[in-house]
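Chemist: Mind folding the following:
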Amino acid sequence: MLKRLTAFFLSVILAAGALTACGSKNDISSGAGEKDFPVKIGDVTIHREPSGVAVLSPNLADVVLAMDYEISLKAKSVECTQSDLSVLPNVTLDEAQKIKDLGADLVLTDKKPSEAQIEAMNKAGITVLTIRAATSREDLDRLYSEVGSALKGAKTGYEKGQKTSQSIFLTIDDISRIIPHSNKPITVAYLFDADGGVVTGDTLQGKLIESAGLINAASGGTGNKMPVSELLIANPQYIFCPTGVKAKLEASAEYKKLDAVKSGKVYEMNPNLMLLQGRGMVDAVTFIAGKVYPQLTEGTNISGTSSASFTTGGASGSMDTSITLKKGDKNDNVLKMQKRLQELGYMFVKPTGEFAEGTEQSVKDFQLLNGMPTTGIADPKTLQKMFSSDAKKRTTP
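Modeler: Take a look at the predicted model:
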């Protein structure tokens with residue numbers, strides 16, 4: 001009898017342990033799950049794939065777009081100005097019923113909602129998930145895996161998030177490897193405004209500057225702040241800033257003392273490239289590196305590239321390389337081009353025949369590493385190079 005009781009209790013303990021282990025597998029803090037749902041992200045558990053999602057953060061919207069998961073979106077906040085989301089209705093955290101009526105049962109935000117907002121969302125059957133922005137290259141994996149898991153589960157979404165995050169920095173690493181060698185360090189700074197806002201070394205944006213092969217003059221600052229007196233000592237050779245800030249720097253009694261301002265080496269850029277953490281980060285690195293090293297984006301061949309030549313037989317025979325393909329196109333020629341980019345190691349999304357944002361970035365990557373202007377448009381010259389036997393294959397370091 002004692003043996004039977006012992007065996008019974010042992011089987012109960014083992015069963016409970018198995019259930020606990022199974023459950024913990026879908027807490028993505030320890031990695032990808034064995035199945036998609038339910039999934040635990042921080043303190044929030046999502047029990048099934050969302051029927052629709054409202055994204056109330058421009059940064060998280062950029063991540064969703066980078067993962068090609070925008071089909072899940074039903075609404076957005078007014079701050080999400082991405083053109084691909086322009087058709088979505090605008091909502092706020094105060095509009096639980098409107099969000100529900102639009103078909104969303106999950107809200108993604110990077111700002112903690114109030115107790116009243118959470119209560120209203122709960123009553124409407126809506127889950128609210130707060131996801132903070134990434135602070136480093138490693139933390140970008142966390143950001144993408146959390147967003148992916150929320151939308152598509154602890155296995156499918158998590159793995160897609162990891163793959164997308166890593167593909168972004170794979171491209172950035174490619175850019176780093178083709179930057180011309182310089183015996184003299186080149187210093188730059190990205191200024192958010194003329195009031196001390198600057199990209200510092202403790203941020204992901206700071207890593208983007210370093211990825212462009214440059215020295216961040218504000219690397220010693222913290223929290224994207226540095227007194228102008230300290231910046232004057234560092235005296236960067238190049239300054240980058242959001243559109244509209246250049247005139248303010250030139251009019252400032254202090255900032256106009258900087259050599260970059262005096263020599264006209266101040267370049268304005270789309271502010272979202274340094275604020276959001278989608279594929280625009282690649283464009284940020286390309287833009288900054290391209291201004292310091294114009295030959296990178298003007299199509300001049302760069303010596304020292306690590307990409308190897310890739311030979312393929314007969315590929316050009318099945319593709320009309322006299323045409324031009326661009327974002328928005330959807331046809332068999334786009335599919336052929338995507339498959340060729342996949343062969344060469346540039347395609348990080350599944351070939352579908354639709355020329356969307358992911359394909360545009362893949363074309364830019366190909367153009368960059370093959371010494372061509374980085375337009376993202378597959379013109380005849382690009383297609384001819386792509387389907388030639390000397391097209392350069394992207395190599396993983």
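
Chemist: who are the neighbours in contact with Lys163?
Modeler: Phe348 (C-beta atoms under 8 Å, 6 or more residues apart in numbering). Backbone N, C-alpha and C define where each C-beta goes, glycine included.

Chemist: how close does it sit to Lys393?
Modeler: Taking C-beta to C-beta, to the nearest Å as the measure, Lys163 falls 19 Å from Lys393.

Chemist: for Leu56, same thing?
Modeler: 41 Å.

Chemist: do the same with Thr81
Modeler: 36 Å.

Chemist: Ok, Asn90 next?
Modeler: From Asn90 to Lys393 the distance is 44 Å (C-beta to C-beta).

Chemist: Report the contact partners of the residue nearest to Glu354 when sequence neighbours are not counted.
Modeler: Closest residue to Glu354 apart from its sequence neighbours, by C-beta to C-beta, 6 or more residues apart in numbering: Lys330 at 4.5 Å. With contact set as C-beta under 8 Å, 6+ apart, Lys330 has these partners: Gly353, Glu354, Phe355.

Chemist: a helix runs through Tyr190, doesn't it?
Modeler: No: secondary structure of Tyr190 (DSSP: H, G, I helix; E, B strand; the rest coil): strand, not part of a helix.

Chemist: What's the local residue count around it?
Modeler: Tyr190 has 28 neighbours, counted by other C-beta atoms under 10 Å.

Chemist: Pretty sure it sits against Pro271.
Modeler: No: Tyr190 is beyond contact range of Pro271, at 10.1 Å (criterion: C-beta atoms under 8 Å).

Chemist: Next, name the residue at the spatial heart of the chain.
Modeler: Gly278 (2.4 Å; C-alpha atoms, centre = their mean).

Chemist: what secondary structure does Leu108 sit in?
Modeler: strand.

Chemist: Not counting its neighbours along the chain, what's nearest Lys326?
Modeler: In space, Lys326 is closest to Ile377, 4.7 Å off (C-beta to C-beta, 6+ apart).

Chemist: Check the closest residue to Lys225 other than its chain neighbours and give its pLDDT.
Modeler: Excluding its sequence neighbours, the residue lying closest to Lys225 (C-beta to C-beta, 6+ apart) is Gly196, at 5.5 Å. Looking at Gly196, its pLDDT stands at 94.

Chemist: From the structure, what's the count of residues near Gly196?
Modeler: Neighbours of Gly196 (other C-beta under 10 Å): 16.

Chemist: May I have the phi/psi pair for it?
Modeler: phi 100, psi 0 (degrees, to the nearest 10).

Chemist: what does Pro113 give?
Modeler: Torsion angles, degrees, to the nearest 10, at Pro113: phi -70, psi 160.

Chemist: if I look at the residue nearest to Lys225, how far off is Thr171?
Modeler: Gly196 is 32 Å from Thr171, by C-beta to C-beta.

Chemist: Check Tyr69 too.
Modeler: Taking C-beta to C-beta, one finds Tyr69 at 19 Å from Thr171.

Chemist: quick one, which of these two is more surrounded?
Modeler: Neighbours of Tyr69 and Thr171, each counted by other C-beta under 10 Å, are more numerous for Thr171; the result is 24 against 21.

Chemist: a strand runs through that one, doesn't it?
Modeler: No: Thr171 is assigned helix when assessed by three-state DSSP, not a strand.

Chemist: Go ahead and confirm it touches Asp365.
Modeler: Yes: the criterion here is C-beta under 8 Å, and Thr171 meets it with Asp365 at 5.2 Å.

Chemist: For the two, list the residues in contact with both.
Modeler: Val282.

Chemist: helices and strands of the chain: which one has the lowest mean pLDDT?
Modeler: None of the helices or strands of the chain scores lower by mean pLDDT, DSSP states H and E than strand 308-309, at a mean of 30.

Chemist: coming back round to it: looking at Thr81 and Lys393, which is more packed in?
Modeler: Counted by other C-beta under 10 Å, Thr81 and Lys393 do not tie: Lys393 has more neighbours, with 16 against 12.

Chemist: Give me the distance between that one and Met386.
Modeler: 11 Å.

Chemist: shared neighbours of those two, anything?
Modeler: In contact with both Lys393 and Met386: Leu344, using C-beta under 8 Å, 6+ apart.

Chemist: can you map out the strands along the stretch 51-200 of the chain?
Modeler: 53-55, 73-76, 106-109, 127-130, 187-190 (DSSP state E, counting those that start in this stretch).

Chemist: so which of those is the most packed in?
Modeler: strand 53-55 (a mean of 30; mean count of other C-beta atoms under 10 Å).

Chemist: Show me what that strand is packed against.
Modeler: Contacts defined by 3 or more C-beta pairs under 8 Å, 6 or more residues apart in numbering; DSSP states H and E place strand 53-55 against helix 58-66, strand 73-76, strand 106-109.
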